[in-house]
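Asks: coords please:
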Amino acid sequence: MAMTHPRKTLISLEDTTYYHCVTRCVRRAFLCGLDPFSGKSYEHRRQWIEERLQALVEVFAIDVAAFSVMSNHTHLVLYVDRETAKQWTTEEVLTRWGSLFSGNSLLQRKGQNIQLNKDEECRLVELAEIWRERLYDISWFMRCLNEPIARQANKEDNCTGRFWEGRFKSQALLDEAALAACLAYVDLNPIRAKMADTPETSDYTSVQKRILAVQNTDSANAAKQPGSLLPFAGNPRKDMPKGLPFRLEDYLELVDWTGRIMREDKPGYIDSSIPPVLQRLNIEPEHWIYLTSNFESRLKGLIGSIHNVKAACTRLNKSWCHGMSACYQYFPA
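Replies: As a prediction, this is how the structure comes out:
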């Protein structure tokens, strides 16, 4: 039986700020979509998740790089912005935390403009530093996403008990190649599951939001990007702004190219027009198609070139991690 690992051995901001997180329902009842057994539609729950995500990115120092909401699970690619959280003032931390959790008596009294004594002020400052760390903690982000959705779904289903599996699954994306493969895997999930035919018709996915934003851009201006998603900042360069290290147009071309091959159901077929981002990342097209179809099943906690995986294992005091052979095979050295 596979052993579970402490979250601290799976998430290390010294190794990467990008993580793929998956949460699955524990019951047969659907998270979203149409339940073929009961005939009941749960499609409206997709909107619950997207709205909750948009609310959380306004509070946390965590950005959503990609998402897809499936019938019984959700996929997220998250970017942890610890440096931004460190720059927040104590007052800003208290405001952000109070928008999520208002039960602390000191925080309540401060919000009511009740004068605190010196000891109470010091205690609140101490708490603010604890809350600051939680506001860039993926586990707390996922808790604040999943718990309200579970309560809402249980209330609607008129039942109690667990709605989600005990823990979300996370994969650390150690380099650009791993990040690109994971982004495309998440965005193309509905196509792979035959829930949609094209990226632009894949409802409740990040790629659909990005495509709609581009389509709504005036041709005279640069392509707009959704404010609720981590933007594409272009290829890596000096003084690069915060954002994904790819050009938006390259990524959309890559997703479209990959989706067409998936829809044609020809995993061995490679179009002669290979998107330039694959050439920059030095990923073989055949490997790319395999990765974007089997990212979860073939790759495990630490994902990237074998050099980056071994370096991360060393920092995490791990002698080995599952999936190293796949990283060696599918990602460039």
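
Asks: what's the pLDDT at the closest residue to Pro275 other than its chain neighbours?
Replies: In this structure, Pro275 finds its nearest non-sequential neighbour in Leu254, 4.2 Å apart by C-beta to C-beta, 6 or more residues apart in numbering. All C-beta spots, glycine's among them, are computed from the backbone N, C-alpha and C. As predicted, Leu254 sits at a pLDDT of 93.

Asks: centre of the chain versus whatever helix or strand Leu254 lives in, how much separation?
Replies: If you go by DSSP states H and E, Leu254 is part of helix 248-263. How far helix 248-263 lies from its chain's middle: 19 Å, per C-alpha atoms, centre = their mean, to the nearest Å.

Asks: now it: buried residues?
Replies: Within helix 248-263, the residues that count as buried by 16 or more other C-beta atoms under 10 Å are 248, 250-259, 261-262.

Asks: just after the one helix or strand Glu91 maps to, pick out the following helix or strand.
Replies: Using DSSP H and E, Glu91 sits within helix 90-100. Using DSSP H and E, the helix or strand that follows helix 90-100 towards the C-terminus is helix 105-111.

Asks: same for that following helix, what does it pack against?
Replies: Identification of packing neighbours for helix 105-111 by 3 or more C-beta pairs under 8 Å, 6 or more residues apart in numbering; DSSP states H and E yields helix 90-100, helix 118-134.

Asks: so how far is that helix from its chain's centroid?
Replies: 33 Å.

Asks: how about stretch 43-57?
Replies: Counting by C-alpha atoms, centre = their mean, stretch 43-57 comes out at 13 Å from the chain centroid.

Asks: what are the contacting residues of that stretch?
Replies: 31-34, 62-64, 67, 69, 74, 76, 141, 144-145, 148-149, 152-153, 203-204, 228 (C-beta atoms under 8 Å, 6 or more residues apart in numbering).

Asks: can you rerun that using 7 Å?
Replies: For stretch 43-57, the external contacting residues (C-beta atoms under 7 Å, 6 or more residues apart in numbering) are 31-33, 63-64, 67, 69, 74, 141, 144-145, 148-149, 152-153, 204, 228.

Asks: okay, that stretch in CSV with CA atoms only?
Replies: What follows is stretch 43-57, C-alpha atoms only, in CSV (Å, rounded to 0.1, in the frame of the first residue of the first chain):
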residue,chain,number,x,y,z
GLU,A,43,-24.0,21.7,-13.8
HIS,A,44,-24.7,24.8,-11.7
ARG,A,45,-22.0,23.8,-9.2
ARG,A,46,-19.3,24.6,-11.7
GLN,A,47,-20.2,28.2,-11.3
TRP,A,48,-19.9,27.9,-7.5
ILE,A,49,-16.3,26.8,-7.9
GLU,A,50,-15.3,29.4,-10.5
GLU,A,51,-16.8,32.2,-8.4
ARG,A,52,-15.1,30.9,-5.3
LEU,A,53,-11.8,30.8,-7.1
GLN,A,54,-12.2,34.4,-8.2
ALA,A,55,-12.9,35.5,-4.7
LEU,A,56,-9.9,33.7,-3.2
VAL,A,57,-7.3,35.1,-5.6
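
Asks: who's Phe232 bridged to?
Replies: Leu244 (DSSP bridges).

Asks: oh, that last question was meant for Tyr18, not what I typed.
Replies: Tyr79.

Asks: I'd like to know how many residues surround it.
Replies: 26 (other C-beta atoms under 10 Å).

Asks: so it makes contact with Leu173?
Replies: Yes - counting by C-beta atoms under 7 Å, Leu173 is a contact partner of Tyr18 at 4.2 Å.

Asks: pretty sure the residue nearest to Pro275 contacts Ser273?
Replies: No - using C-beta under 7 Å, Leu254 makes no contact with Ser273, being 11.3 Å away.

Asks: quick one: the helices in the stretch 101-250 of the chain?
Replies: Taking DSSP state H, counting those that start in this stretch, the helices of the stretch 101-250 of the chain run over residues 105-111, 118-134, 138-157, 176-187, 189-192, 206-215, 248-263.

Asks: ok, which of those helices comes nearest Arg315?
Replies: helix 176-187 (16.6 Å; C-beta to C-beta).

Asks: just the angle between the closest one and helix 206-215, please?
Replies: Angle between the axes of helix 176-187 and helix 206-215 is 90 degrees (criterion: axes from the mean of the first three to the mean of the last three C-alpha atoms, to 10 degrees).

Asks: pull out the buried positions in helix 176-187.
Replies: 176-187.

Asks: okay, those in a markdown table with pLDDT and distance to Arg109 next?
Replies: Formatted as a markdown table, the buried residues of helix 176-187 follow (pLDDT from 0 to 100; distance: C-beta to C-beta, whole Å):
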| residue | pLDDT | distance to Arg109 |
| --- | --- | --- |
| Glu176 | 95 | 48 |
| Ala177 | 95 | 51 |
| Ala178 | 95 | 47 |
| Leu179 | 97 | 44 |
| Ala180 | 96 | 49 |
| Ala181 | 96 | 49 |
| Cys182 | 97 | 44 |
| Leu183 | 97 | 44 |
| Ala184 | 96 | 49 |
| Tyr185 | 96 | 47 |
| Val186 | 97 | 43 |
| Asp187 | 96 | 46 |
